[in-house]
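**Q** quick one: sequence and predicted model below, then my questions.
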Amino acid sequence: MDSERVFVDTNLFLRYLTNDVPAQADAVERLLLRAVQKQIALVTTGLVIAEMIWTLESFYHLSREDIQGKILAILHTPGLQVTDSDLISRAVVWYAGKNVDFIDAYHAAWMLREGIARAYTFDQKHFRRFDEITAEIPEK
């Protein structure tokens with residue numbers, strides 16, 4: 001019999017990563033252990049990851065490097081399936097390394113995966129940090 005698949009929301013990861021509510025962090029650790037032991041299959045999405053990054057940056061004021069480490073650890077958690085984890089891994093590395101917004105890094109990673117080399121945007125600052133992408137403003 002396959003393990004039950006259960007969605008994991010942002011707040012669980014935040015409690016675990018920040019340990020700001022130790023009892024809740026401990027509960028999440030026990031849940032993750034159950035996933036490692038294949039008693040349960042945990043799943044989450046890229047939007048959860050994006051929300052985690054935004055919260056760790058804006059509320060907890062962590063550095064991009066700290067956030068990158070925490071997100072990569074989550075992405076490599078045994079027993080946890082993250083939709084598009086390879087795409088998100090690339091984006092979080094660019095988020096820290098190229099000093100761009102995570103969402104822009106995600107879009108750049110997605111574009112490259114899809115073979116798209118040009119982007120129309122009025123905010124070219126971040127897209128120009130990707131050598132493989134040409135950022136353009138639409139003509140008036």
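**A** Perfect, thanks for sending it.
**Q** alpha carbons only for contacts and neighbour counts from here, please
**A** Will do.
**Q** ramachandran angles for Asp84?
**A** The main-chain torsion angles of Asp84 are listed as degrees, to the nearest 10 and equal phi 60, psi 40.
**Q** so what's Leu80 bridging to?
**A** Listed by DSSP bridges, the beta-bridge partners for Leu80 are Leu42.
**Q** look up how far Phe122 lies from Lys140.
**A** From Lys140 across to Phe122, the span is 12 Å (C-alpha to C-alpha, to the nearest Å).
**Q** looking at the two, which is more packed in?
**A** More neighbours surround Phe122 than the other of Lys140 and Phe122, with 10 against 3 (other C-alpha atoms under 10 Å).
**Q** any idea of the pLDDT on the more buried one?
**A** We have a pLDDT of 88 for Phe122.
**Q** so it sits in a strand?
**A** No - assignment of Phe122 by DSSP: H, G, I helix; E, B strand; the rest coil gives coil, placing it outside any strand.
**Q** now the helices for this protein?
**A** 10-18, 22-36, 46-58, 64-75, 85-97, 102-114, 124-127 (DSSP state H).
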